[in-house]
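1. Sharing a model prediction with you, sequence too.
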Amino acid sequence: MKNKNDIQKHIDKLLESAEEGEKITTSASFMDSLNSKLDALDQTPQAAKVYSMNVLLKYAAIFLIIVLNVGVVATQFGSTTTVEIESSDTISEFSDEYFPDYTTYTE
Amino acid sequence: MEEHKFIQKLRAGDRGAFNELVLAHKDAILNVCYGYVKNADEAEDLTQEVFLEVYKTISKFQEQSALSTWMYRIAVSKSLDALKHKKSKKRAAFFEKRTRSESADLEMEQKAGDSPDPEATLEQKQQREFIDHCLMQLAETQRTAFILSQQDGLSYKEIADVMDKSLSSVESLVHRSKQSLRKIMTELYRDYF
């Protein structure tokens, strides 16, 4: 069994080895293999950009939201311009109907 | 300026320029990948993937860093992805490994026996396994800083660009990685030797 000093010395050596790392080089067939992959890549026809269903759905949702918002705003705008606010005279004209005399209930 | 012209050639699909790039950097990229995966064949496959990625995406390279730094970044990223993929596979392979025949181990021992000094070869192999195992225990950022600075000899500035960190944090990472590695080695030493 190694003593503490020996272990520390060995660890120092191992650390040095770790720092140096193990150097390797590419194999002889590396360039040929890479070039054939690049050739295959060059020959692949460029696909036209097709929007996925998800993108279409996003656009559809945004369009729908805009249409609904515009619709709501237009309705609000229309209703505020067409609704006539009844004047106090009109209200008082029918006040008896709305608020019958108190005595009719108490009699 | 020279590099800019070279990049323009690459963007134009100049295969001669691309081969020049590959020849100049293939071993450096290979050793970055090997620093992570510790398997020569796998590292070579990853190196090819790095160059294919460079070839495909050179038009998107914005030249905010050196071309080599960008390639190192791709190499680190691909290596880390490969390691993550490996980890998830490792669990599934665990039981298979336990039940496999011992013929492979026997073959390895026989191979070691054929070498001039089988004992020294085995010891070397054991030490390499120990170092690799300890390196794998480092935190991801510390491991990257250690591999790039110590094993691949990149400057702190280059590592800072690759890792997208400040110079001071890279200095600190490298320092801490060495400390951590020593601690891990001390803890695991008895399991190996």
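-> Yep, it's here.

2. ok, B:K86 - contacts?
-> B:K86 is in contact with B:V37, counting by C-beta atoms under 8 Å, 6 or more residues apart in numbering or on different chains. Placement of C-beta: from N, CA and C, glycine included.

3. Helix or strand for it, just tell me which one.
-> helix B:67-99 (DSSP states H and E).

4. B:E49 now?
-> B:E49 is part of helix B:40-57, with elements assigned from DSSP H and E.

5. Then A:L38?
-> Using DSSP H and E, the secondary-structure element containing A:L38 is helix A:30-43.

6. re the thing from before, could you tell me which residues within the helix holding B:E49 count as buried?
-> Neighbour-count burial for helix B:40-57 flags B:40, B:42-52, B:54-55 (criterion: 16 or more other C-beta atoms under 10 Å in any protein chain shown).

7. Which residue ranges of chain B form helices?
-> Using DSSP state H, the helices of chain B run over B:2-11, B:15-37, B:40-57, B:67-99, B:103-114, B:118-137, B:140-146, B:156-163, B:167-192.

8. re earlier: as a markdown table, the buried residues of helix B:40-57 with pLDDT would be great.
-> Below are those laid out as a markdown table (pLDDT from 0 to 100):
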| residue | pLDDT |
| --- | --- |
| B:A40 | 94 |
| B:E42 | 95 |
| B:A43 | 95 |
| B:E44 | 96 |
| B:D45 | 96 |
| B:L46 | 96 |
| B:T47 | 97 |
| B:Q48 | 97 |
| B:E49 | 97 |
| B:V50 | 97 |
| B:F51 | 97 |
| B:L52 | 96 |
| B:V54 | 96 |
| B:Y55 | 95 |
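
9. Let me know the closest of the residues you listed to B:S68.
-> Closest approach to B:S68 among these (C-beta to C-beta): B:V54, at 10.5 Å.

10. Okay, the closest one and chain A: tell me how far apart.
-> Between B:V54 and chain A the distance is 11 Å, computed by C-beta to the nearest C-beta, to the nearest Å.

11. burial count for B:C134?
-> By other C-beta atoms under 10 Å in any protein chain shown, the residues close to B:C134 number 24.

12. so it touches B:L188, yeah?
-> Yes. Taking contacts as C-beta atoms under 8 Å, B:C134 lies within contact range of B:L188: 6.2 Å.

13. For chain A, what lies in contact range of chain B?
-> Counting by C-beta under 8 Å from any C-beta of the partner chain, the positions of chain A adjacent to chain B are A:2, A:7, A:10-11, A:14-15, A:17-27, A:30-31, A:33-35, A:37-38, A:41-42.

14. now those residues: which count as buried?
-> Counted by 16+ other C-beta under 10 Å, these give A:I7, A:I11, A:L14, A:L15, A:A18, A:G21, A:T26, A:F30, A:L34, A:L38 as buried.

15. Can you give the contact residues for stretch B:71-81?
-> Contacting residues not belonging to stretch B:71-81 are listed as B:25, B:28-29, B:32-33, B:35-37, B:46-47, B:49-50, B:53-54, B:65, B:140, B:144, B:148, B:154, B:158, B:161-163 [C-beta under 8 Å, 6+ apart].

16. Just the buried ones among these, please.
-> Buried members of the contacts of stretch B:71-81, counted by 16+ other C-beta under 10 Å: B:25, B:28-29, B:32-33, B:35-37, B:46-47, B:49-50, B:54, B:65, B:144, B:148, B:154, B:158, B:161-163.
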